[in-house]
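# What would the 3D arrangement of this be:
(chains A and B)
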Amino acid sequence: MTAPGGGRGGPLDDPQASGGAATATLESALAPTAPARRWGAAGVLRHLASNPLTAAGAVVAIVLVLVALAAPLIAPHDPIAVDLPHRLRAPSSRFWFGTDEEGRDIFSRVVYGTRISLSAAAGILLIAVVVGVAVGLVAGYAGGWVDEVLMRVTDMFLAFPSLVLAMGVAATLGASLINSIVAIGVVWWPWYARLVRGQVLRLKQEAFVEAARVAGATDRQIVLTHIVRNAMSPIVVQMSLDVGYAILTMASLSFIGLGAQPPTPEWGAMISVGRDYYLNQWWYVTFPGLAIFLAVMAFNFLGDGLQEALSPETTR
Amino acid sequence: MAAYIGRRLILTVIVLLGMTIITFVLSHVVPGNPARLLAGPHASQVQVEAFAHRYGLDRPLLTQYWTYITGLVHGDLGVSLTTRRPVLDDFRQFVPATLELVLAAMFLIVLIGIPLGMLSGVKAGGFLDHVTRFLTVGAVSMPVFWLGMILQLVFFRRLSLLPIGGRLEIFDQPPPHLTGLFLVDSLVSGDLRAFGAAIVHLFLPAITLAAGSLAVTARMTRASMRETLGTDYVRMARAKGLSEGIVLTRHALRNALIPTITVLGLQVGALFGGTVLTEVVFNWPGIGLYAVNAIQNLDYSAIMGVTLLVSVAYVFVNLAVDIAYVFLDPRITFAGRVDA
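Residues are numbered from 1 along each chain as shown, chains lettered A, B, ... in the order given. This next block holds a predicted model:
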């Protein structure tokens, strides 16, 4: 059983994925020893639906995506516009989650925050996967000194506690939403590089890759058509496990003032401003926090379920 | 064994060197004008140039790296713009508070997380197992800072049971400085009042910081316990007619603990990250709060100093775990570990 979030030196760390040393390996946990069992899309869906927690996670995740897409239709009030006469109101039928110190409707802000958190998570994973897959493919396929150099660089990054390094990178780039997305992505790619490299090393030995080579396929064709396609499923599993953790990390950076800046309705940034008010206005931080909690939990359950469905041999 | 430890030490030196390269690139190469970043947002052009000259930022990169690393070796982490003191001096003041918090959290993790994982592993599928699973997934999904605030709302605001933050009440006299850990210092000096105050103040921050790692530790201990219970030697012990208590404690538990120790070592990284968030919520005067104040004041030397300090500490904790591992599990060899 892999903990949601995968190994990252974070709270969701997975000892299976880390082997114990600072030079931890993800491969041991995530590289299947046998080729991944291939289930059709219908089979995967059936498997997901069979576990109630996974199903619940999937439903909540879908709802969150819909909320993000339809935010302007759902939010009853403008998330940014100041409305001082209604400042710091308790939750009511008019302001479901109450209002903040500028009179803004917290429910509307939480709804818009879904948009920001989900797209930030997507951005983080995009950077981590694109860089990680590229490095992992080159290292695994080229082998030799190229592999050695790339993997040592990867190790250097993995030796940092991830939130602390992300903090350092974000502080260097300057406090903004985009910069912290970049910062977290920069800190996360080594996990994908290791994962992909492990896959490539395994797939390189497979008969179908040998066959393709004998048949005269170029390296480029082999990597793109045979290796990438077969390495996809563990990458997808890892991404699904990481969505929740990406949301959490983003909110943490915003909370300490490095991510989204007020008045952006980002969940962590809202809680950060709420520190001045929450003792008397409990709703100020409670609802954005619940939103983070719900979203992270939903994606964690979904990721766990996807892992079971897509790579059954890695779960116990 | 000596060879293993020796190699592990060499590897650590390489990792530390690599880390300095990354922090060097971050602080000297990525920013367009590193001197402006170091001198702070309010520095004049003349001050910026003075900074550039003093830290050799106008020299070739390789020379700069040499200056940077010799500085580090001598403990020169720059000067904090906020406190106007060398960052290293600030660390002396703020590190003990963080250390006390992290140790307290570790204590809770070991005291609660491991037994919880053991019990749910032994009685897998039982009521306790389900409750543990639910709680652990909840705990890893919760933002640390939010958990802290909710605990404050409940235990400070509503129930008035525990203090909201800080290490002592404002008017409390801190115990005489020996280690900087208030719990230890107050005990050694026999100041039971300060000891009581310190422990009451430590309660909520320690729980907040521990929650996520406690959950992961419990989950992993459970998995490890399940695995150990399925091994031949446990089956053998049972077949010999040993009592279940002896089988569990002597055979299963001891072996199941080995992977748990690795998890604990890795959790230290999570605790260091979490302490930044926890200290802000509880106004805990450690390096996390120091770092966040630095972020808000664009105090770049202090930020990079904390990044480096925490990361180096993390590397050494993992080194210690790896060495402890050799003593716990004689089968481990260096080669085996890396290829595993």
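# what comes up buried for the helix or strand where residue A:109 lies?
Using DSSP states H and E, residue A:109 falls within helix A:106-142. Buried residues in helix A:106-142, counting neighbours by 16 or more other CB atoms under 10 Å in any protein chain shown, are found at A:106-118, A:120-121, A:123-125, A:127-129, A:131-133, A:135-141. In short, each C-beta sits where N, CA and C put it, glycine included.
# Name the residues of the helix or strand where residue A:288 lies that are buried.
Secondary structure assigned from DSSP H and E places residue A:288 in helix A:283-310. The neighbour-count criterion (16+ other CB under 10 Å) identifies A:283-293, A:295-310 as the buried residues of helix A:283-310.
# Show me what from the stretch 201-316 of chain A comes close to chain B.
Within reach of chain B by CB under 8 Å from any CB of the partner chain, the stretch 201-316 of chain A has these residues: A:244, A:248, A:251-252, A:255-258, A:268, A:271, A:274-275, A:278-279, A:282, A:285-286, A:289, A:292-293, A:296-297, A:300-301, A:316.
# for the chain, which spans come out with low pLDDT?
Picking chain A for this. Confidence mapping of chain A against pLDDT under 70 gives the ranges A:1-40, A:311-316.
# That was the other one, I meant chain B.
Confidence mapping of chain B against pLDDT under 70 gives the ranges B:330, B:332-340.
# and the helix or strand where residue B:320 lies, does that touch chain A?
When elements are assigned from DSSP H and E, residue B:320 belongs to helix B:300-328. Yes: remark: helix B:300-328 sits within contact range of chain A at B:300, B:303-304, B:306-307, B:310-311, B:314-315, B:318-319, B:321-322, B:325, by CB under 8 Å from any CB.
# What residues sit buried inside that helix?
For helix B:300-328, a neighbour-count test (16+ other CB under 10 Å) marks B:300-315, B:317-319, B:321-322, B:325-326 as buried.
# now stretch B:105-117
When neighbours are counted by 16+ other CB under 10 Å, the buried residues of stretch B:105-117 are found to be B:105, B:106, B:108, B:109, B:113, B:114, B:116, B:117.
# Any idea how far that stretch is from the middle of the chain?
In terms of CA atoms, centre = their mean, to the nearest Å, the centre of stretch B:105-117 is found 15 Å from the chain centre.
# Equivalent analysis for stretch A:246-264, please.
Between the centre of stretch A:246-264 and the centre of its chain there are 15 Å (CA atoms, centre = their mean).
# buried stuff in that stretch?
Neighbour-count burial for stretch A:246-264, counted by 16+ other CB under 10 Å, picks out A:246-260, A:263-264.
# Among the residues you listed, which ones are in helices?
Within the buried residues of stretch A:246-264, residues falling in helices by DSSP state H are A:246, A:247, A:248, A:249, A:250, A:251, A:252, A:253, A:254, A:255.
# Nearest to residue A:43 among these?
residue A:246 (27.6 Å; CB to CB).
# what's the distance between the closest one and residue A:264?
17 Å (CB to CB, to the nearest Å).
# cool, residue B:113 as well?
As defined by CB to CB, residue B:113 lies at a distance of 36 Å from residue A:264.
# ok, now residue B:179?
Computed as CB to CB, the residue B:179 to residue A:264 distance reads 43 Å.
# swap in residue A:105?
Residue A:105 sits 15 Å away from residue A:264, going by CB to CB.
# Show me the residue at the heart of chain A, geometrically.
If you average the C-alpha coordinates of chain A and look for the closest C-alpha using CA atoms, centre = their mean, you land on residue A:243, 2.7 Å from that point.
# just checking, residue A:266 touches residue A:251?
Yes: taking CB atoms under 8 Å as the contact criterion, residue A:266 and residue A:251 are neighbours in contact, 7.4 Å apart.
# any shared contact partners between the two?
Where contact means CB atoms under 8 Å, 6 or more residues apart in numbering or on different chains, the residues bridging residue A:266 and residue A:251 through contact with each are A:117, A:259.
# For residue A:94, grab the count of nearby residues.
For residue A:94, the number of neighbouring residues by other CB atoms under 10 Å in any protein chain shown comes to 12.
# my bad, residue B:120
By other CB under 10 Å, 25 other residues sit near residue B:120.
# In contact with the closest residue to chain B within the stretch 201-316 of chain A, which residues?
Residue of the stretch 201-316 of chain A nearest chain B, by CB to the nearest CB: residue A:289 (3.5 Å). Neighbour list for residue A:289: A:267, A:271, B:143, B:146, B:149, B:150 [criterion: CB under 8 Å, 6+ apart].
# Kindly report the same for residue B:286.
By CB under 8 Å, 6+ apart, the contact list for residue B:286 reads B:94, B:95, B:96, B:97, B:98, B:99, B:101, B:275, B:279.
# Does residue A:192 touch residue A:136 like I think?
Yes: using CB under 8 Å, residue A:192 and residue A:136 qualify as a contacting pair, with a distance of 6.5 Å.
# thought residue A:257 was touching residue B:293?
No: with contact defined as CB under 8 Å, residue A:257 does not reach residue B:293; the gap is 9.8 Å.
# Might you calculate how far the helix or strand hosting residue A:230 sits from the centre of the chain?
Here residue A:230 is covered by helix A:228-255, with elements defined by DSSP H and E. Here the centre of mass of C-alpha atoms in helix A:228-255, compared against the chain's by CA atoms, centre = their mean, lies 3 Å away.
# And whichever helix or strand comes after it, what does it pack against?
Moving toward the C-terminus from helix A:228-255, the first helix or strand encountered (DSSP H and E) is helix A:267-274. With contacts taken as 3 or more CB pairs under 8 Å, 6 or more residues apart in numbering or on different chains; DSSP states H and E, helix A:267-274 sits against helix A:106-142, helix A:228-255, helix A:283-310, helix B:144-152.
# closest to residue A:169 out of the ones you listed?
Among these, helix A:228-255 comes nearest to residue A:169, with 10.0 Å by CB to CB.
# how far off helix A:267-274 does that closest one point, in degrees?
Here the directions of helix A:228-255 and helix A:267-274 differ by 10 degrees (axes from the mean of the first three to the mean of the last three CA atoms, to 10 degrees).
# Just want the angle from helix A:228-255 to helix A:106-142.
When the same axes, to 10 degrees is applied, the directions of helix A:228-255 and helix A:106-142 differ by 140 degrees.
# Okay, angle between helix A:228-255 and helix B:144-152 too, please.
Our comparison of helix A:228-255 with helix B:144-152, counting by the same axes, to 10 degrees, yields an angle of 50 degrees.
# name the helices or strands packed onto helix A:228-255?
Helices and strands touching helix A:228-255, as assessed by 3+ CB pairs under 8 Å, 6+ apart, comprise helix A:27-30, helix A:106-142, helix A:162-173, helix A:177-204, helix A:267-274, helix A:283-310, helix B:144-152, helix B:254-282.
# mind putting those helices in JSON lines, distance to residue B:61 included?
What follows is these, written out as JSON lines (distance: least, CB to CB, whole Å):
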{"stretch": "helix A:27-30", "distance to residue B:61": "35"}
{"stretch": "helix A:106-142", "distance to residue B:61": "23"}
{"stretch": "helix A:162-173", "distance to residue B:61": "16"}
{"stretch": "helix A:177-204", "distance to residue B:61": "20"}
{"stretch": "helix A:267-274", "distance to residue B:61": "36"}
{"stretch": "helix A:283-310", "distance to residue B:61": "41"}
{"stretch": "helix B:144-152", "distance to residue B:61": "38"}
{"stretch": "helix B:254-282", "distance to residue B:61": "29"}
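# So which residues on the stretch 151-300 of chain B come close to chain A?
Applying the criterion CB under 8 Å from any CB, the portion of the stretch 151-300 of chain B that neighbours chain A consists of B:152-153, B:156-157, B:164, B:212-213, B:215-216, B:219-220, B:223, B:226-227, B:259, B:262-263, B:265-267, B:269-270, B:272-274, B:276-277, B:280-281, B:291-292, B:295-296, B:300.
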